[in-house]
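J.: sequence below, structure please.
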Amino acid sequence: MLAAVRALPDDVELPSGVFTLLKDALGISRGALLLYDPLRMVYAPWASCGFDQTTLHRLRISLGAIGSFSALANGKPVSIAGSAPLADYQKYFSSREFSSLSRLVMAPFIAEEKLVGALLVAEASAPFDEETALVACLAEVCDAAAPAIRSARGETMKAGAAAPARSGATAEEELARVLSQPGAAGRRFLFLAVSLEEYQKRILAAHRYLDPFRLQEDLRYFLGAYAADLGIALPLARGRFLIGLQDIEPRDLDLLVHQLCSFLSALFGSYDGQGAEATVLRTRLYPDDGNDIAELLAFLTP
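T.: Sure, this is the predicted structure:
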């Protein structure tokens, strides 16, 4: 297991690879890998198996909310059993899931003295005679995987930091904000609607326990980082994104798409020998083709 952890591809979705490895090796039938979500300041599922959708929506735990979960920051796995200790976790599970819960085993991923994530196991058929052996195994494997998870989810994202969208702002408001900035005055923007749907499908097929919502969040984040210096990137529906970059001419579109695909492939990897695939659905040059933001957005949202 340790050798398999070290052999995992060093890309941004490495944590789902760690979960798949642990799930298969330890027979986890109900469990989740929780990673820290800095935007919402909770530990939330990035990869999971066996839980219903209600549980996956509820399973967002802030550090300090539960004593036994906070204890993971000490670097050792914890086992929670009995009605009173488990009651602290009731609100994080659906009624059906919680009623069948008899024990939780959790193991921390600690890197640079920080709790970067936790493995939560509700049900497993691990090949151990005693739970203490399972706990010891989890402690060693999670300790070995923690630096790689920290690198994938911490350093990589820090290096590609994007200016966050304003909370609650609509796509039209975000476009208006970017286009009204002093640096945008008198500049032309090339806007394009891009579909990454096929690439997303290949990533999810390769990382079968990865939460699709988290993949969409990652793509939004990194596309925002890609466009941050020259414009904006906004998520649309069904794996589509709106990207707007200043001082890019329509004749440079093929080069732009090639650079975008290379950027995404470096982060998320290649699958079946093929890197990222981006399909340009529509383009519009602003303000040459019209300067009405609502109309621009309607045109680019096919």
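
J.: only C-alpha atoms for contact and neighbour calcs from this point on.
T.: Fine.

J.: which strands or helices does the biggest helix by length in the chain pack on?
T.: The residue-count maximum for a helix in the chain (DSSP state H) belongs to helix 131-150. Other elements packing on helix 131-150 under the criterion 3 or more CA pairs under 8 Å, 6 or more residues apart in numbering; DSSP states H and E are helix 2-6, helix 14-26, strand 103-111, strand 114-124.

J.: contacts for it next, please.
T.: 1-2, 5-6, 10, 14-15, 18, 76-78, 105, 107-112, 116, 126, 128 (CA atoms under 8 Å, 6 or more residues apart in numbering).

J.: mean pLDDT added to the helices and strands packed on helix 131-150, as a markdown table?
T.: Listed next are the helices and strands packed on helix 131-150 as a markdown table, based on pLDDT from 0 to 100:
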| stretch | mean pLDDT |
| --- | --- |
| helix 2-6 | 93 |
| helix 14-26 | 94 |
| strand 103-111 | 95 |
| strand 114-124 | 95 |
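
J.: for residue 223, find the nearest of the ones you listed.
T.: Of all the helices and strands packed on helix 131-150, helix 14-26 sits nearest to residue 223, with 18.8 Å by CA to CA.

J.: ok, and what's touching that closest one?
T.: Outside helix 14-26, the residues touching it (CA under 8 Å, 6+ apart) are 1, 4-5, 8, 28-29, 32-33, 46-48, 124-127, 145, 148-149, 152, 207-210.

J.: chain center to that helix, what's the gap?
T.: Relative to its parent chain, helix 14-26 has a centroid offset of 16 Å by CA atoms, centre = their mean, to the nearest Å.

J.: quick one, it and helix 131-150 angle?
T.: 160 degrees (axes from the mean of the first three to the mean of the last three CA atoms, to 10 degrees).

J.: just the strands in the chain please.
T.: Ranges of strands within the chain are 28-37, 42-49, 78-81, 103-111, 114-124, 189-195, 231-235, 240-246, 279-286, based on DSSP state E.

J.: now the ones you listed in JSON lines, with distance to residue 175 and mean neighbour count?
T.: Formatted as JSON lines, these follow (distance: least, CA to CA, whole Å; neighbours: other CA atoms under 10 Å):
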{"stretch": "strand 28-37", "distance to residue 175": "26", "mean neighbour count": "22"}
{"stretch": "strand 42-49", "distance to residue 175": "29", "mean neighbour count": "23"}
{"stretch": "strand 78-81", "distance to residue 175": "47", "mean neighbour count": "16"}
{"stretch": "strand 103-111", "distance to residue 175": "38", "mean neighbour count": "23"}
{"stretch": "strand 114-124", "distance to residue 175": "34", "mean neighbour count": "21"}
{"stretch": "strand 189-195", "distance to residue 175": "11", "mean neighbour count": "23"}
{"stretch": "strand 231-235", "distance to residue 175": "8", "mean neighbour count": "22"}
{"stretch": "strand 240-246", "distance to residue 175": "9", "mean neighbour count": "23"}
{"stretch": "strand 279-286", "distance to residue 175": "11", "mean neighbour count": "18"}
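
J.: okay, those in TSV with distance to residue 66 next?
T.: Compiled in TSV, the strands of the chain are given as follows (distance: least, CA to CA, whole Å):
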stretch	distance to residue 66
strand 28-37	15
strand 42-49	12
strand 78-81	12
strand 103-111	13
strand 114-124	14
strand 189-195	41
strand 231-235	34
strand 240-246	38
strand 279-286	45
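
J.: for residue 258, find the nearest of those.
T.: The nearest among those, by CA to CA, is strand 279-286 at 10.9 Å.

J.: elements contacting the closest one?
T.: Strand 279-286 packs on strand 189-195, going by 3+ CA pairs under 8 Å, 6+ apart.

J.: residue 245 contacts residue 193, doesn't it?
T.: No. Counting by CA atoms under 8 Å, residue 245 stays clear of residue 193, with 12.0 Å between them.
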